[in-house]
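In: what's the 3D shape of this:
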Amino acid sequence: MKKDLILSLYSQPQTVFTLDDISLLFPQIPYENLRSRIRYFTNAGKLKRLRQGLYAKNEYNPFEVANKAYKPSYISFETVLARGGVVFQYYETIFAASYLTRSVKINGINIQYRQIKGEALTNLLGIEQKEGYFMATLERAFLDAVYLYKNYHFDNLGTIDWEKVAELKKIYKSKAFEKRVEEYYMIYKEDYGKH
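Out: Reported below is the predicted structural model:
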């Protein structure tokens, strides 16, 4: 039965699991019994214990770690903006939106959670479900940054789809925020000759 459990975990597409995730996969195994089996697999080197209640396959995706360590959360801010060419600075830290602001280091992975309040955090518009984690679209990450920082410098506003921005900005429910978005749109129009 122990081998069935580890084989089943490794057949799952996700690479990071909470103990609750594992208990949902194996409802027939009592919780305490499951904990001891997971402990056995970590001691045997079949699973990694990243922190209390958080386990991973030997090869795992750091974005999944960021999503599972604090829920709800999604990858956003500089992580997405740098990948999309909106900011040119490279960051080793993973940036995520969550219900709290906190910096953590899990198994050598630096994660910076930034607080997005209320409905804006839990609204799934502009959030894509990837293989085992959630990530903001480029436009949602841009709006998250505008929401959180008053005077953020974006290196390249030309990669942003401004029609998507117009659709998404309503979820933040802030007139001051919408005014800042409009100011960035004016900068975009000046820089790229869009009138």
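
In: Now do the end-to-end distance for stretch 129-142.
Out: Stretch 129-142 has an end-to-end distance of 18 Å (C-alpha to C-alpha, to the nearest Å).

In: now what about it, what contacts it?
Out: If you take C-beta atoms under 8 Å, 6 or more residues apart in numbering as the criterion, stretch 129-142 is touched by 13-16, 61, 63-64, 66-68, 73-77, 79-81, 84, 86, 97, 125-128, 144, 154, 159-161, 164-165, 168. (Each C-beta comes from the backbone N, C-alpha and C, glycine too.)

In: Let's see that with 7 Å instead.
Out: By C-beta atoms under 7 Å, 6 or more residues apart in numbering, the residues outside stretch 129-142 that reach it are 13-16, 61, 63-64, 67, 74-77, 80-81, 84, 86, 126-128, 144, 159-161, 164-165, 168.

In: Find the residue closest to residue 92 in space, skipping its chain neighbours.
Out: Once flanking residues are discounted, residue 92 sits nearest to residue 110: 6.3 Å by C-beta to C-beta, 6 or more residues apart in numbering.

In: The helix or strand hosting the one you found pairs with which strands, parallel or anti?
Out: Element membership of residue 110, judged by DSSP states H and E, is strand 109-115. Counting by DSSP bridges, the strands paired with strand 109-115 are strand 94-98 (parallel), strand 102-106 (antiparallel).

In: Those: which one's closest to residue 56?
Out: For residue 56, the closest of those is strand 102-106, at 9.6 Å, according to C-beta to C-beta.

In: How is the chain divided into domains?
Out: As given by automatic domain parsing, the domain ranges for the chain are 2-60, 63-192.

In: Just the CA coordinates for the longest helix along the chain, please, in PDB.
Out: In the chain, with assignment by DSSP state H, the single longest helix is helix 175-192. Coordinates of each C-alpha in helix 175-192 appear next as PDB, following Å, rounded to 0.1, in the frame of the first residue of the first chain:
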ATOM      1  CA  LYS A 175     -11.300  55.700  -8.500                       C
ATOM      2  CA  ALA A 176      -7.800  56.900  -7.400                       C
ATOM      3  CA  PHE A 177      -6.400  53.600  -8.800                       C
ATOM      4  CA  GLU A 178      -8.300  54.000 -12.100                       C
ATOM      5  CA  LYS A 179      -6.900  57.600 -12.400                       C
ATOM      6  CA  ARG A 180      -3.300  56.200 -12.000                       C
ATOM      7  CA  VAL A 181      -4.000  53.600 -14.700                       C
ATOM      8  CA  GLU A 182      -5.200  56.300 -17.000                       C
ATOM      9  CA  GLU A 183      -2.000  58.300 -16.300                       C
ATOM     10  CA  TYR A 184       0.100  55.200 -17.400                       C
ATOM     11  CA  TYR A 185      -2.100  54.900 -20.500                       C
ATOM     12  CA  MET A 186      -1.300  58.500 -21.400                       C
ATOM     13  CA  ILE A 187       2.500  57.700 -20.900                       C
ATOM     14  CA  TYR A 188       2.000  54.700 -23.200                       C
ATOM     15  CA  LYS A 189       0.300  56.900 -25.900                       C
ATOM     16  CA  GLU A 190       3.100  59.500 -25.700                       C
ATOM     17  CA  ASP A 191       5.900  56.900 -25.900                       C
ATOM     18  CA  TYR A 192       4.400  54.800 -28.700                       C
END
